[in-house]
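>>> Any chance you can model this:
(one chain, ligands or ions: 1)
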Amino acid sequence: MQVRSIFLSDIHLGTRGCQADRLLDFLRDYESEQLYLIGDIIDFWSMNRGIHWTAAQNTVVQKILRRARHGQKVMLIPGNHDEAMREYDGVSFGDILVRREHIHVTADGRRFLLLHGDEFDQVTRYHRWLAILGDVGYNLLVRLNASLSRLRRALRRPGYWSLAGYAKSRVKRAVSFIFDFEDSVIHAVRERGLDGVICGHIHNAALRQVDGLTYINCGDWVDSCTAIVEHLDGTLELIRAWQPAIAPANARLTEIAVVPAPTLDHIPELNPLLGRQTTQL
Ligand SMILES: [Mn+2]
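Purely as a prediction, here's the structure:
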């Protein structure tokens, strides 16, 4: 299908979780005039701990470079996992332009702020070590869950201890984290007089109206496999390239991905610190 623009974020190339095959399927199905990569495309944080680079991930990079070479406008807006690229604001690498943020005008004239969004996540902004900790924990949990599922299948029973059950207790906090994030992004968009935002970062795809503005999140290619496309007439659509077969457990894990630091509020010294940072929104 020919579309005007494709928006992708949080591909996390270089990690075990990256679903490069699904992304290749998606890229085969959608041709566009412009391609926006909105952060966390290559996961340098994870790669510090060990690189997981597959042939499919290689092909993703090749396909993107090829699109740029063939005249498609490709822009990279770095995220926190590829933040080293932020130093190159305005620099073109071959045919790919790097920008910290960008204003995209749709075919029907609406103005959208494009940015990764970690600027609005109080945890990654002020507590980098804490975010990395959460990141390690999440990767561990994803791997643990896979082994656990295999084990359960082998035993032909659901098992005594459920990771999903454990996750459930954390979901409430995750949900409020998502709302805080969306609120602050929308607030910034309103102050700048724009019509909406297209961001990523929290691995939670969305396309909805919030108080007259359009909040769009590209989701990710680790868990949900989602993308945003702009059709030729300017209509924006959220594409779900893949629905997980075992939805409940996976859905919980998606939400865990955004829990900043599940246990740190039990550390009394951190409470005033975390509280003060949140009021800076
Ligand atoms: Mn991010």
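>>> what are the bridge partners for residue 7, then?
Note on residue 7: beta-bridge partners by DSSP bridges are residue 36, residue 228.
>>> what's the burial count for it?
As a burial measure, residue 7 scores 27 neighbours (other CB atoms under 10 Å). C-beta: built from backbone N, CA, C; applies to glycine.
>>> Same question for residue 94.
Neighbours around residue 94, by other CB under 10 Å: 9.
>>> Kindly report the same for the one 5 residues further on.
When neighbours are counted by other CB under 10 Å, residue 99 registers 19.
>>> My guess is it contacts residue 73. True?
No: between residue 99 and residue 73 there is no contact under CB atoms under 8 Å: 11.6 Å.
>>> Can you pull the phi/psi pair for residue 53?
The phi/psi pair for residue 53 (degrees, to the nearest 10) reads phi -120, psi 120.
>>> contacting residues for it?
13-14 (CB atoms under 8 Å, 6 or more residues apart in numbering).
>>> quick one: residue 190 and residue 58, what's the gap?
41 Å (CB to CB, to the nearest Å).
>>> same thing with residue 46?
17 Å.
>>> Which one's more surrounded, those two?
Set residue 46 next to residue 58 and count neighbours by other CB under 10 Å: residue 46 wins out with 22 against 12.
>>> wait, isn't that one in contact with residue 15?
Yes: the criterion here is CB under 8 Å, and residue 46 meets it with residue 15 at 4.5 Å.
>>> host element of residue 66?
helix 55-69 (DSSP states H and E).
>>> pLDDT averaged over stretch 120-131, what's the number?
The pLDDT scores in stretch 120-131 average 64.
>>> Once you drop chain neighbours, what's closest to the residue in the stretch 151-281 of the chain positioned nearest to the ion?
Using CB to the ion, the closest approach of the stretch 151-281 of the chain to the ion is made by residue 201 at 3.9 Å. Closest residue to residue 201 apart from its sequence neighbours, by CB to CB, 6 or more residues apart in numbering: residue 117 at 3.8 Å.
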